[in-house]
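A.B. asks: got a structure for you, letters missing:
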C-alpha cells in the first residue's frame with residue numbers, strides 16, 4: 001500500500017513539474033516569436 005502511495009506522489013509531482021515547464025517554455029516561445 002505504501003509503495004502505491006509513494007508512486008502516486010512521485011507521478012503527481014512529476015506531472016506538476018512537467019506542466020510548469022511546458023507553461024514556462026510556451027510563454028518564452030510566445031515572447032520570442034515575433035509574429036505571435
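C.D. replies: That came through fine. Nothing here was measured: the structure is a model prediction, and the numbers come from that model.
A.B. asks: please identify the buried residues of the helix or strand hosting residue 4?
C.D. replies: Residue 4 is located in helix 2-32, with elements delineated by DSSP states H and E. By neighbour count with 16 or more other Cβ atoms under 10 Å, helix 2-32 contains no buried residues. Bear in mind the C-beta positions are built from the backbone N, C-alpha and C, glycine included.
A.B. asks: which other helices and strands contact that helix?
C.D. replies: Packed against helix 2-32 by the contact rule (3 or more Cβ pairs under 8 Å, 6 or more residues apart in numbering; DSSP states H and E) you find no helix or strand.
A.B. asks: next one: that helix to chain centre, how far?
C.D. replies: Computed by Cα atoms, centre = their mean, to the nearest Å, the chain-centroid distance of helix 2-32 equals 2 Å.
A.B. asks: what's the mean pLDDT across that helix?
C.D. replies: For helix 2-32, the mean per-residue pLDDT is 89.
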